[in-house]
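Enquirer: have a look at this prediction, sequence included:
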Amino acid sequence: DAKTTQPTSMDCAEGRAANLPCNHSTISGNEYVYWYRQIHSQGPQYIIHGLKNNETNEMASLIITEDRKSSTLILPHATLRDTAVYYCIVRDNTDKLIFGTGTRLQVFP
Amino acid sequence: GAGVSQSPRYKVAKRGQDVALRCDPISGHVSLFWYQQALGQGPEFLTYFQNEAQLDKSGLPSDRFFAERPEGSVSTLKIQRTQQEDSAVYLCASSLTNTVIGEQFFGPGTRLTVL
């Protein structure tokens, strides 16, 4: 079973920041937080991952709370092409990804 | 560069038929994964290969499902005697390393419809 809880859906205006929350209260010390997204009719796409520290790349920023029980994915300037289902995944020492149902983000003009 | 490719993209089968789904991973990627995604759900893990070795097949739903990767590159997922509940998108992913922090690159999937 997925170890994360995410809102079912969110809306965001184009050009604004999209902040997607994720709860993972049972995360253990050696588990990473990963984010993937899935645009309609495509395979999932890796976005970012982190362990303890906040991370930033060209796609997004990942903010992990100090107790590591929750995190937020930030898309700083959402575009229409960011409309997708976003999956927050806690990854343990096995290789497989365990997806939940994710957050459906709708970016509107 | 070329990503993960899957064929066919769409497959319609009559109940009871056997099907074979192909995955071409990114060249040089050690790890290969198969996932099943039902409509409206997130992908669910089926099986995992490291090179030609199938290290985890805990997600295969029944003995009708069989996967192989004989030369450590291309993989085939075979479903025997298909049932309607097998209708789903089958996703393949590959990863360069065999460490837990390896990013998985996904193909576009094969949509299987069993009538």
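Expert: That came through fine. Residues are numbered from 1 along each chain as shown, chains lettered A, B, ... in the order given.

Enquirer: which parts of chain A sit against chain B?
Expert: Residues of chain A found near chain B, taking Cβ under 8 Å from any Cβ of the partner chain as the criterion, are A:2, A:32, A:41-46, A:49, A:85, A:87, A:91-102. The C-beta positions use only the backbone N, C-alpha and C, and glycine is treated the same way.

Enquirer: what separation do you get for the spatially most central residue of chain B and B:Arg22?
Expert: Taking Cα atoms, centre = their mean as the criterion, B:Trp34 is the residue nearest the geometric centre of chain B, at 3.2 Å. For B:Trp34, the distance to B:Arg22 under the criterion Cβ to Cβ, to the nearest Å works out to 11 Å.

Enquirer: which residues do these two both contact?
Expert: Between them, B:Trp34 and B:Arg22 share the neighbouring residues B:Ser75, with contact defined by Cβ atoms under 8 Å, 6 or more residues apart in numbering or on different chains.

Enquirer: so what's the residue count around the closest residue to A:Tyr87 other than its chain neighbours?
Expert: The shortest distance from A:Tyr87 to any residue that is not its chain neighbour, by Cβ to Cβ, 6 or more residues apart in numbering or on different chains, is 4.2 Å, and that residue is A:Gly102. The number of residues packed near A:Gly102 is 28, by other Cβ atoms under 10 Å in any protein chain shown.

Enquirer: same check, this time on A:Cys88
Expert: A:Cys88 is flanked by 28 other residues according to other Cβ under 10 Å.

Enquirer: I'd assumed it was in a strand, is it?
Expert: Yes - under DSSP: H, G, I helix; E, B strand; the rest coil, A:Cys88 falls within a strand.

Enquirer: for the residue nearest to the centre of chain B, what are its contacts?
Expert: Applying Cβ under 8 Å, 6+ apart to B:Trp34 gives the contacts B:Cys23, B:Phe45, B:Leu46, B:Thr47, B:Tyr48, B:Ala67, B:Ser75, B:Leu77, B:Tyr90, B:Leu91, B:Cys92.

Enquirer: cool, and A:Tyr87?
Expert: Contacts of A:Tyr87 by Cβ under 8 Å, 6+ apart are A:Gln6, A:Trp35, A:Tyr36, A:Arg37, A:Gln38, A:Pro44, A:Phe99, A:Gly100, A:Gly102, B:Gly42.
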